[in-house]
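Asker: got a structure for you, letters missing:
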């Protein structure tokens, strides 16, 4: 039996297709722009064509794993993803399976990240853990007894849409006060703008337009001990740590991995998050949960996660 | 193979031992006071003696299920339960197994209630659901893919200790603002006392001493359209509904069952809870989760839940 699989990472901007062996080594990679496609079926045909021409020759493939925004494991469809340009639900699993006669596993990007962590990363051997992706939004992939938690609908894991401050910041989901409006790259930017407005401290972040301020710029300011940047990280970590403690009180994981752009701020996000987590975790669970960085290389995590789905 | 099991419900006041068949019929029952024992080992010996003298004669027993406060499935111990009079951890599973040579399954009371609902109650056939017990505190038993969620420590399911209002009401766990300080028999009593203090409305609840006010009295007042009682139920339901929506965003259950003393207030607690739940659930999960009363008879639920553990 072959040990090679194909992992496909579908992002709003780019689509990456990789040939991955069972050690997590990428043997071949192909990339094209997602955002040049307005039609889902034509987009999927492009994926099929690339696999046929570049990946199937001389390679015996075990199966195909796909991580995609709003990818639904149970239905095999990408459901109304706001960052993808076509409308409606796209049954990508069925389209590829029919065309290539290979088994396809689809899930959302945070679930794929969790699977990647378990098969190739720092969660090897763990049975109960979660991966939190702190990117534009906040996603979560939750593993219970070695399996991804999908719930009744296949849509479990929406930790980013837990309401932490009712009636506060507007969220893209149409409600208010969701965790991801605070703990994400977008969230910390909002916090910085509020702090710049409300406080008179000097800050290098005052030199940028609102469009220019990003979690990377905020991180760079924190490296210079910029007070506004440090306050923003502390505020973000306080809310994230409380929410993760509440999450841990429900699910009792062995570890929670923080991943994605904002997690790259390392101690600036980890320290206040862990402090708040320890202050808010139930006493009987104290010291039972580790909060850790991902063990996957950042630029390879999504594709390894997608590939890892084939090892379910 | 026999289809009879023994279910043991350990409460702070009473211990009930029942012989249950695989249809959930109680063939025999024995009861004694838990609170007359200060020593855990002597207490367990009492259970063993009753089983030997009253339950083992002429009955072939499959196994024994026990629901107990702070019962830990993974260790088989009752850990430092605040409502039980002995100190420290009691390895009740090992003591009974050694003495009777029968397999023992121990878990906490909320988990047992969830198992009871799945085997004998309204969750038959469901794979993803939760049972919330609204008693003195708030407990939760969460079922994922047909199995109880224990997590890494065996202590998962502490939904009652999710912090919903940081720095607000003191909780018995030593922290503040936990869900169970609002959504429980004790919680609604606190809400009533606050309302009586802050508002001048007439209320029949003003005729009772603080010691006399109970969730039952509040329910009776609500039946008489007492405005304070109705406000207290609405406030409780608003907080509970939001918390259950946050919980459902993470786990995507098919149903959430409300059980215990406060749930017996029926529409007074269900209506505001469901209203708040629907206002706060993520749009993609709308109409995917039912909030339901337990399908087990209230006076038999704990013992059936304990017995159901034998059908794992």
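Answerer: Perfect, I can see it now. Keep in mind the model is a prediction, meaning the values are calculated, not measured.

Asker: where does pLDDT dip in chain A?
Answerer: A:1 (pLDDT under 70).

Asker: what are the ranges of the strands in it?
Answerer: A:5-10, A:14-20, A:26-33, A:64-67, A:78-79, A:89-90, A:104-107, A:129-134, A:138-144, A:147-148, A:255-259, A:290-293 (DSSP state E).

Asker: contacting residues around the residue in the stretch 1-150 of chain A positioned nearest to chain B?
Answerer: Nearest residue of the stretch 1-150 of chain A to chain B (Cβ to the nearest Cβ) works out as residue A:128 at 4.5 Å. Where you see a C-beta, it was placed from the backbone N, CA and C, and this is true even at glycine. Shown in contact with residue A:128 (Cβ atoms under 8 Å, 6 or more residues apart in numbering or on different chains): A:143, A:144, A:145, A:251, A:252, A:253, A:254, B:151, B:152.

Asker: got the phi and psi for the last one?
Answerer: I take that to be residue B:152. Main-chain dihedrals, residue B:152, degrees, to the nearest 10: phi -70, psi -30.

Asker: number of nearby residues for it?
Answerer: Neighbour count of residue B:152, defined by other Cβ atoms under 10 Å in any protein chain shown: 20.

Asker: OK, contacts around the residue nearest to it when sequence neighbours are not counted?
Answerer: Nearest in space to residue B:152, with sequence neighbours left out and distances taken as Cβ to Cβ, 6 or more residues apart in numbering or on different chains, is residue A:254 at 4.0 Å. The contact partners of residue A:254, taken as Cβ under 8 Å, 6+ apart, are A:126, A:127, A:128, A:129, A:288, A:289, A:290, B:152.

Asker: and if you look at residue A:71?
Answerer: A:10, A:77, A:78, A:92, A:106, A:107, A:108, A:109, A:111, A:112.

Asker: where's it relative to residue B:253, distance?
Answerer: Separation of residue A:71 from residue B:253 (Cβ to Cβ, to the nearest Å): 21 Å.

Asker: leaving out sequence neighbours, find the closest residue to residue A:149.
Answerer: residue A:142 (4.1 Å).

Asker: does that neighbour touch residue A:114 like I think?
Answerer: Yes. Counting by Cβ atoms under 8 Å, residue A:114 is a contact partner of residue A:142 at 6.9 Å.

Asker: show me which of the two is the more surrounded one.
Answerer: More crowded of residue A:142 and residue A:114, by other Cβ under 10 Å: residue A:114, with 30 against 27.

Asker: chain neighbours aside, what residue packs nearest to that one?
Answerer: Residue A:114 sits nearest to residue A:141 (Cβ to Cβ, 6+ apart), 2.8 Å away.

Asker: how close does that neighbour get to residue A:96?
Answerer: 22 Å.

Asker: which of the two has more residues huddled nearby?
Answerer: residue A:141 (30 against 24).

Asker: what is the more buried one paired to in the beta sheet?
Answerer: When bridges are called by DSSP bridges, residue A:141 pairs up with residue A:131.

Asker: quick check, it in contact with residue A:121.
Answerer: No. Counting by Cβ under 8 Å, residue A:141 does not reach residue A:121; the two are 11.8 Å apart.

Asker: do a quick rundown of the helices in chain A.
Answerer: Per DSSP state H, chain A carries helices over the ranges A:40-50, A:92-100, A:109-120, A:185-198, A:215-223, A:227-251, A:267-280, A:301-308.

Asker: so how far is the second one off the chain centroid?
Answerer: I take that to be helix A:92-100. 25 Å (Cα atoms, centre = their mean, to the nearest Å).

Asker: and for the fourth one?
Answerer: Chain-centre distance of helix A:185-198: 22 Å, with Cα atoms, centre = their mean.

Asker: now that helix against helix A:227-251, angle please.
Answerer: Relative orientation of helix A:185-198 and helix A:227-251, computed by axes from the mean of the first three to the mean of the last three Cα atoms, to 10 degrees: 130 degrees.

Asker: buried residues, helix A:185-198. List them.
Answerer: A:185, A:186, A:187, A:188, A:189, A:190, A:191, A:192, A:195, A:196 (16 or more other Cβ atoms under 10 Å in any protein chain shown).

Asker: what's next to it, contact-wise?
Answerer: A:134-138, A:169, A:180-182, A:203, A:205-206, A:210, A:213-215, A:218, A:228-229, A:231-233, A:235-236, A:260-262.

Asker: who touches the residue of the stretch 51-200 of chain A found nearest chain B in this structure?
Answerer: Of all residues in the stretch 51-200 of chain A, the one sitting closest to chain B is residue A:151 (2.6 Å; Cβ to the nearest Cβ). Residues near residue A:151 by Cβ under 8 Å, 6+ apart: A:157, B:128, B:144, B:251, B:252, B:253.

Asker: if we use 10 Å, what do you get?
Answerer: A:74, A:142, A:157-158, B:127-129, B:144-145, B:248-254, B:285, B:288-289 (Cβ atoms under 10 Å, 6 or more residues apart in numbering or on different chains).

Asker: do the same with residue A:172
Answerer: A:82, A:136, A:137, A:160, A:161, A:178, A:180, A:181, A:186.

Asker: most neighbours out of these, which is it?
Answerer: Ranking the contacts of residue A:172 using other Cβ under 10 Å puts residue A:178 first, with 30 neighbours.

Asker: beta partners of that residue?
Answerer: Going by DSSP bridges, residue A:178 forms beta bridges with residue A:163.

Asker: check residue A:31 too.
Answerer: Applying DSSP bridges to residue A:31 gives these bridge partners: residue A:16.
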